[in-house]
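>>> make a model of this:
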Amino acid sequence: MEHQSYVIGVDYGTDSVRSMVVNASSGEELAFSVFYYPRWKKQMYCNASQNQFRQHPLDYLEGLEATLQDCLHQVGAAVARNVKGIAIDTTGSTPVAVDASGTPLCLLPAFENNPNAMFVLWKDHTSVKEAAEINVHATKFDTNYLKYVGGVYSSEWFWAKLLHVLRADSNVAAATHSWVEHCDWIPFVLTGGTNVKDIKRGVCSAGHKGLWSEAFGGYPPDSFFSSLDPLLTGFIDKLPAQTFTSDKSAGNLSPDWAARLGLSTEVVVAVGAFDAHMGAVGGQIEPYYLSKVIGTSTCDMLVAPANEVNDTLVTGICGQVNGSIIPGMIGMEAGQSAFGDAFAWLKNILTWSLDLLDDEALKNKAAEKIMTTLSEQAALLPFDEKDEIAIDWLNGRRTPDANQVLHGAFAGLSLGTDAPRLFKALVESTCFGANAIVERFVAEGIPVKGLIGLGGVAKKSPYIMQVLVDVINMPIKIHKSEQTCALGAAMFAATAAGLYPKVEDAMKAMGQGFAVTYTPNEAHTAYYQKRYDQYKKLGNFIETHL
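Purely as a prediction, here's the structure:
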């Protein structure tokens, strides 16, 4: 590998995009920049009461240019001249309707303020009805087209969202030439694409959310979709049968983007993938270790050699796809629809009255302190099996067994229930939800040997991490990097640019190691097992009676 080579990882999250310049030899992070989406910050085009969460592509494009220019300004021209590759990760499934040129419809004058012509964010649950129809429809076929996505299709995914948009908006439906994931669209933009047929679709997004599988020779047949709804007739003809792993090139940086950024057109742009998948690589995932990207939601990633998985299929997860995380291994995805979001919800409840104050500085100071204090106070509470208990499905349930119509709950409340007790119950419930995922993998023949923690909550919340390991009764090691998704993208950029023969080599050379390991407190595990049994009993009641 050339001695002085650099790569860029770009990580699109729910609230912001983050870019990072990395030394491809050592993994040293040389520059970092973050851009908060201005339209999203105002919640434009969103309606939380209807579970509608849309994002405008201008937030993405403005953030991409701003963060890349800022990073390259930080490192200077000498480093910029030796940038060899760029890779992108995004949230998902976050697709958008595009025309034949690959342009999102909301970038056209006729649709500029139409939410249905914008990216449908992963957490948008407006397509619950369509997902339910897909699940029923799939039972009518001899081939189980849902078997590689855990057997249950989710409203958070590609086809449910497409069908909902086509049904909800006839004008958008008439103008829609294709439907493209965010992680596939950004590399297309950077390489100067002008024809939607040229978009290189990643196996990550297509396999986990789009029903693409090697076993089917691509997507399910047109008859599967057209018999579900005639609006989908012929749609798979607009999707290429071939998909690509993210160690492959999507093309070179276009002259336009090269000029904007001060980079060479020889810079390789890698095929895109979802944030948690690249984050697992940035966090140095190992076979049979559950890599937990813990942020607003969680995405739990596991890799295993294909010759060991064989025909084992884990039901109720978000899919298992060959090469979706590490090429040559089966990548498995699970997760929770709300984790950090659950604590943000409680924080908003507790700080509501602060909005009545005119002192902005005081409000901000109180809001910043509240979660730290809650953690400190919750950790001091005695353990009592009769304590308040919660269910973490505040944004539905992702896994095991996707069901986005479910709701969260608290039980056992009394006049003695205070904020720390509510927080304690909510922390325990999110950890119980995490345990249910581990339990499902193990029950269906996939061992879990350990946990790897990534993301903001894992780095900043010792109390939550300790409860997590006590509940699961398994250590978790927390990765050093604050930005494992961007770092993982940089590793894929280095591989796609030919600096490493395979992503495992990039991971070994560029990995930063682990900062701390939390181990279970044996004195607490028995208590949490009893509480977990209560959690399952309450959750079963909610699911079957409410």
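>>> only C-alpha atoms from now on, for both contacts and neighbour counts.
OK.
>>> please identify the buried residues of stretch 193-205?
Residues of stretch 193-205 classed as buried: G193, V196, I199, K200, R201, G202, V203, C204, S205 (neighbour count, 16 or more other Cα atoms under 10 Å).
>>> output stretch 11-22 as CSV, restricted to C-alpha atoms.
What follows is stretch 11-22 as a C-alpha-only set of coordinates in CSV (Å, rounded to 0.1, in the frame of the first residue of the first chain):
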residue,chain,number,x,y,z
ASP,A,11,-21.8,8.8,7.8
TYR,A,12,-25.4,9.9,7.4
GLY,A,13,-27.4,9.7,10.6
THR,A,14,-30.9,10.6,11.5
ASP,A,15,-30.1,14.2,12.6
SER,A,16,-26.8,15.0,10.9
VAL,A,17,-24.1,13.9,8.4
ARG,A,18,-20.6,13.4,9.6
SER,A,19,-17.5,13.2,7.5
MET,A,20,-14.0,12.1,8.5
VAL,A,21,-10.6,12.0,6.8
VAL,A,22,-8.5,9.0,7.9
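>>> any idea how far the closest residue to N47 other than its chain neighbours lies from V303?
Excluding the flanking residues, the one nearest N47 by Cα to Cα, 6 or more residues apart in numbering is F53, at 6.5 Å. Distance, F53 to V303, by Cα to Cα, to the nearest Å: 31 Å.
>>> who has more neighbours out of these two?
Using other Cα atoms under 10 Å, the more surrounded residue of F53 and V303 is V303, with 28 against 22.
>>> tell me the contacts of that one?
I285, E286, P287, Y288, Y289, I325, I326, M329, I330, G331, M332 (Cα atoms under 8 Å, 6 or more residues apart in numbering).
>>> rerun that using 10 Å as the cut-off
With contacts defined as Cα atoms under 10 Å, 6 or more residues apart in numbering, the neighbours of V303 are 280, 285-291, 309, 320-333.
>>> show me which of the residues you listed are buried.
Applying 16+ other Cα under 10 Å to the contacts of V303 flags 280, 285-291, 320-333 as buried.
>>> among those, which are in strands?
Among these, the members falling in strands (DSSP state E) are Y289, L290, S291, Q320, V321, N322, M329, I330, G331, M332, E333.
>>> any idea which of the residues you listed is closest to D384?
Relative to D384, the closest of these is L290; by Cα to Cα it sits at 29.6 Å.
>>> could you measure from that closest one over to A100?
According to Cα to Cα, L290 and A100 sit 40 Å apart.
>>> L451 too?
Distance from L451 to A100, by Cα to Cα: 44 Å.
>>> could you do V79 as well?
Between V79 and A100 the computed distance is 37 Å (Cα to Cα).
>>> neighbour-wise, which of those two wins?
Neighbour count, other Cα under 10 Å: between V79 and A100, V79 has more, with 19 against 15.
>>> the residue lying closest to the more buried one once chain neighbours are set aside: neighbour count?
Closest residue to V79 apart from its sequence neighbours, by Cα to Cα, 6+ apart: Y6 at 7.0 Å. Around Y6 there are 28 other residues, counting by other Cα under 10 Å.
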